[in-house]
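1. Compute the structure for the input listed below.
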Amino acid sequence: MVVLVMLGAAAALAWMLFLPVGVAEQIRARTGFAVSVASLSCNVFTGKLAVRGLVLRNPASFPVSDFVELREFSGEADVWSLFSHRFVVENLTVDVRRVTWVRRADGRSNAEVFRQNLSDPPGAAAIPPVPAASAPPARTFLIRRLALRFDQWVVADYTGTKPVVETFPLGLDQHYENITDAQQLLVPEVLRRLAAANLAPALGRGLPGDFGRALGAALLGASARGTELLKEAGETATELFQGLREKLEESRKP
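-> Numbers count the residues shown, from 1 in each chain. Prediction:
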């Protein structure tokens, strides 16, 4: 019994020590992006995952090496939901220190290259598309509780003659419940902070798909509405000042 316990402890220790190295190597081999992880633990039986201190760096083809700095990504999923049409996550924490969106001279961004390499690794044989008639239905997801923290978004654009690097402090710390669509993350407080940082064009370009377009449109709308409110407030203040001046002039008359 003692020997079995010692063997089990040794296996668990080896799993904890070598899992981060194995995952990092797989990501690098598949995408070309180097990754380091301070700690990573995964329990396939309970559905618990915890990643801390993850740093993802761009390939040498990008003028800036920084990409993603993640303090924590941890969650607990319903393992049985993996076999159903809807993937259920009970708890999820995403704590981002910084994301650096880089666009090199040829116009391609690091987010675009990483996403493409992840789905279609360089050198891999092309997989023919599945006919629409036999394609499985799209899977949905449910996140019951989500904690999202996001400190900084950096945009580094090298497509022009002079590089443009901008840092946007976000300071997001939001909690959500029952998320089934990424657009549910765009609550008023998030839009207010993003609009205040004037981040609409950068996020609209950097985030993929419908979510990026929806976020860019929402921020532009929020910014436009803010300008409209300031204009209305200015007109109201002008009217009040004019009315006050007229009252003062009337009171001076004999």
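2. Surely residue 116 is in a helix?
-> Yes. Counting by DSSP: H, G, I helix; E, B strand; the rest coil, residue 116 is located in a helix.
3. Look up how far residue 185 lies from it.
-> 24 Å (CB to CB, to the nearest Å). Every residue, glycine included, has its C-beta placed from N, CA and C.
4. Let me see the contact set for residue 52.
-> 37-40, 71-74 (CB atoms under 8 Å, 6 or more residues apart in numbering).
5. Among the residues you listed, which are located in strands?
-> The strands, defined by DSSP state E, take in 39-40, 71-74 from these.
6. in stretch 91-103, what's buried?
-> Of the residues in stretch 91-103, 92-93, 95-103 count as buried by neighbour count, 16 or more other CB atoms under 10 Å.
7. With respect to residue 139, which of those residues is nearest?
-> residue 92 (16.6 Å; CB to CB).
8. Not counting residues beside it along the chain, what's closest to that closest one?
-> With sequence-adjacent residues excluded and distances taken as CB to CB, 6 or more residues apart in numbering, residue 92 is closest to residue 75, at 4.0 Å.
9. burial count for the one you found?
-> Counted with other CB atoms under 10 Å, residues neighbouring residue 75 total 19.
10. more crowded one of residue 116 and residue 185?
-> In terms of neighbours (other CB under 10 Å), residue 185 is the more surrounded of residue 116 and residue 185; the figures are 16 against 13.
11. ok, the host helix or strand of residue 50: who's next to it in the sheet?
-> Using DSSP states H and E, the element containing residue 50 is strand 48-57. Strand 48-57 has the following strand partners under DSSP bridges: strand 34-36 (antiparallel), strand 39-43 (antiparallel), strand 66-77 (antiparallel).
12. which residues pair with the closest residue in space to residue 180 that isn't next to it in sequence across the strands?
-> Counting by CB to CB, 6+ apart, residue 180 lies nearest to residue 142, which is 5.5 Å off, once chain neighbours are set aside. For residue 142, the beta-bridge assignment (DSSP bridges) gives partners residue 88.
13. Please shift the residue numbers so they start at 506 in all later answers.
-> That works, and once the first residue is 506, the last one we named lands at residue 647.
14. which residues does the spatially closest residue to residue 656 that is not a sequence neighbour contact?
-> In this structure, residue 656 finds its nearest non-sequential neighbour in residue 602, 5.3 Å apart by CB to CB, 6+ apart. For residue 602, the contact set (CB under 8 Å, 6+ apart) comprises 574-576, 656-657.
15. Dump these to TSV, plus distance to residue 672 and neighbour count.
-> Formatted as TSV, the contacts of residue 602 follow (distance: CB to CB, whole Å; neighbours: other CB atoms under 10 Å):
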residue	distance to residue 672	neighbour count
574	13	17
575	18	20
576	18	17
656	10	16
657	6	16
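16. Now render those residues as JSON lines, adding pLDDT and distance to residue 677.
-> Shown next, in JSON lines, are the contacts of residue 602 (pLDDT from 0 to 100; distance: CB to CB, whole Å):
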{"residue": "574", "pLDDT": "94", "distance to residue 677": "15"}
{"residue": "575", "pLDDT": "92", "distance to residue 677": "14"}
{"residue": "576", "pLDDT": "95", "distance to residue 677": "13"}
{"residue": "656", "pLDDT": "93", "distance to residue 677": "8"}
{"residue": "657", "pLDDT": "91", "distance to residue 677": "10"}
